[in-house]
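Undergrad: Could you look at this predicted model? Sequence included:
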Amino acid sequence: MLFRLRILALVASIISNTLAQTPQDFSPGTLVKLGVAFPSINIDPVGSALQSLDQAKSQPVISVPMANLVGRNGQVDPQQRFMVMMIDTDVVQQNIRTTVLHWFQPDLVIDTTSQGGIMPQSAPGTNASSLVTQALSGNMTRLVKSSTQSSVGQTNYLPPGPPPGPAHRYVQVLFAQPSNFSVPACFQNVLSKGGNSTEQRLGFDINQFLAATNVVTRPIAGNYFRAQNPQPGSLVVNTIGTGLVNARCPGVTVAGQGMPAGAKRWIG
């Protein structure tokens, strides 16, 4: 009996890892694919490699299966808002593996302007794009930034720009945004506003952020792509651990190792 349970657990683990839409070492993960389409590349399948860093130089169009937006009452709430993050999970500083927050866009809503939606004005490639059309096929619904003013703030899109060496993974995850959502003082430094630099995005701890903002649900959907600097560099990176910044949010417990003192960032 015990042997059978172990076999079933192993099979479940293999299936989960095979179907996962986010890297196995990324938490929180999801089994639902997030549509991520740039003007010249649709990230499909998940984990696709960019042919050029220029392919992701501006923020992508985001879409999600309509079935995953249906609430417990069987209906889609047109007032529900969503938020998306993009995180580089393969940054190395002083032999410590860490992260960088590349994008945080709250206040996304379902695009109801037409079937499948239209591209937001702030997004690149406003001309007709077969790649975007492909990404929106199969009952995928586009999400766009709400036209209603919000004081939440956002983290402007930072294009991938890894240093020479192995490819980096850039993970996108979508969450339902709680009502009355706000970014607490302990994470205001990662927002794009006066006085904040992109270096303050180094060591971003998504789980600490979710706990501090009372986001208790798992991601609705996720995706990721790989990007590599075209300049030659060593493909071997030695690390001795993983470190994230402790934002010191009240009431939030942090697990793991902190960032080394004086760590600086190759932006990208």
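TA: Perfect, thanks for sending it.

Undergrad: Specify the beta-bridge partners of the residue sitting nearest the centre point of the chain.
TA: What sits nearest the mean C-alpha location of the chain, by C-alpha atoms, centre = their mean, is Gln172, with 2.4 Å. Beta-bridge partners recorded for Gln172 (DSSP bridges): Met86, Asn223.

Undergrad: Now do the nearest residue to Gly153 once chain neighbours are set aside, the pLDDT please.
TA: Leaving aside its sequence neighbours, Gly153 sits nearest to Leu191 (C-beta to C-beta, 6 or more residues apart in numbering; 4.2 Å). To be clear about C-beta, it is placed using only N, CA and C from the backbone, and glycine gets the same treatment. If you check Leu191, the pLDDT there is 97.

Undergrad: which residues touch Leu191?
TA: Leu191 makes contact with 104, 153-155, 183 under the criterion C-beta atoms under 8 Å, 6 or more residues apart in numbering.

Undergrad: need these in JSON lines with secondary structure, can you?
TA: Shown next, in JSON lines, are these (DSSP: H, G, I helix; E, B strand; the rest coil):
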{"residue": "Phe104", "secondary structure": "strand"}
{"residue": "Gly153", "secondary structure": "coil"}
{"residue": "Gln154", "secondary structure": "coil"}
{"residue": "Thr155", "secondary structure": "strand"}
{"residue": "Val183", "secondary structure": "coil"}
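
Undergrad: Which residue ranges of the protein form strands?
TA: 35-38, 41-42, 48-49, 61-65, 81-93, 96-110, 140-145, 168-177, 221-227, 241-242 (DSSP state E).

Undergrad: helices or strands up against the third one?
TA: In this case it means strand 48-49. strand 221-227 (3 or more C-beta pairs under 8 Å, 6 or more residues apart in numbering; DSSP states H and E).
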